[in-house]
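1. Following is a predicted model, sequence given first.
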Amino acid sequence: HAGDSVIFADLTFLPILDTSHVVQIDPSTPATVQSSAPSIDPNLQGAVLEVAAGNAVDENGNPYSGELLISEVPQNRTPQALSNAFAPGYLVTVQPAGVEFVEPAPVSLPNFAGLEPGEEWPLWGMNHDTGEFEVMGTLQVNASGDRIETIDGGITTSAWWPGPPGPMPPLDPDTPPADP
């Protein structure tokens, strides 16, 4: 309500989203949504999300028609703190909020972790109901070793999706990140 104050118990960050690859979703047409090249290696392909025709819906279950993006975000800008034991080499968000997928949508990420072809890794995602990161599927390194691709489950909703560990250093959760 106008004039009301909201006090957050913890720091809350709204990261800058990369809007250069926004895709207009038409419920009758499949779409590929891709992020820009990863900041740690601009020569690599970013995250790729495959959205089947009719698979994206709004919070009321109606076919979603509108903009959709997948954007890399700094690991120290998640809505829920990641522990030092969980330091993804690549973290993306699917936006806007409120978009859900009837069937989990496949995603592929760059293989910063140096996992071997055929090796599997859990696909973690932010569960908005619990406020925690949970396993939402399984990723597997492709034959060439450069990508990690969905083999089970996938992206279920617009949320935060960390990949396997990589060259990003672990962060101290007791030290607030510096503003860029």
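-> Received it, and whenever you're ready, just let me know what you need.

2. For this protein, give me the ranges with low pLDDT.
-> Along the chain, segments meeting pLDDT under 70 span 1-14, 75-87, 165-180.

3. Which strand in it has the most residues?
-> Secondary structure of the chain read by DSSP state E shows that its longest strand is strand 132-141.

4. List the strands paired with whichever helix or strand comes after that strand, with their directions.
-> Downstream of strand 132-141, the next assigned helix or strand under DSSP states H and E is strand 147-153. In the sheet, strand 147-153 lines up against strand 107-110 (antiparallel), strand 132-141 (antiparallel) (DSSP bridges).

5. Could you export those strands as JSON lines, including distance to Leu123 and mean neighbour count?
-> For glycine as for every other residue, the C-beta is placed from the backbone atoms N, C-alpha and C. Shown next, in JSON lines, are the strands paired with strand 147-153 (distance: least, C-beta to C-beta, whole Å; neighbours: other C-beta atoms under 10 Å):
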{"stretch": "strand 107-110", "distance to Leu123": "7", "mean neighbour count": "25"}
{"stretch": "strand 132-141", "distance to Leu123": "4", "mean neighbour count": "18"}
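
6. Spit out the contact partners of the closest residue to Gly137 other than its chain neighbours.
-> With sequence-adjacent residues excluded and distances taken as C-beta to C-beta, 6 or more residues apart in numbering, Gly137 is closest to Gly153, at 2.1 Å. For Gly153, the contact set (C-beta atoms under 8 Å, 6 or more residues apart in numbering) comprises 104, 123, 135-138.

7. how about a cut-off of 10 Å?
-> Gly153 makes contacts with 103-107, 122-123, 125, 135-139, as judged by C-beta atoms under 10 Å, 6 or more residues apart in numbering.
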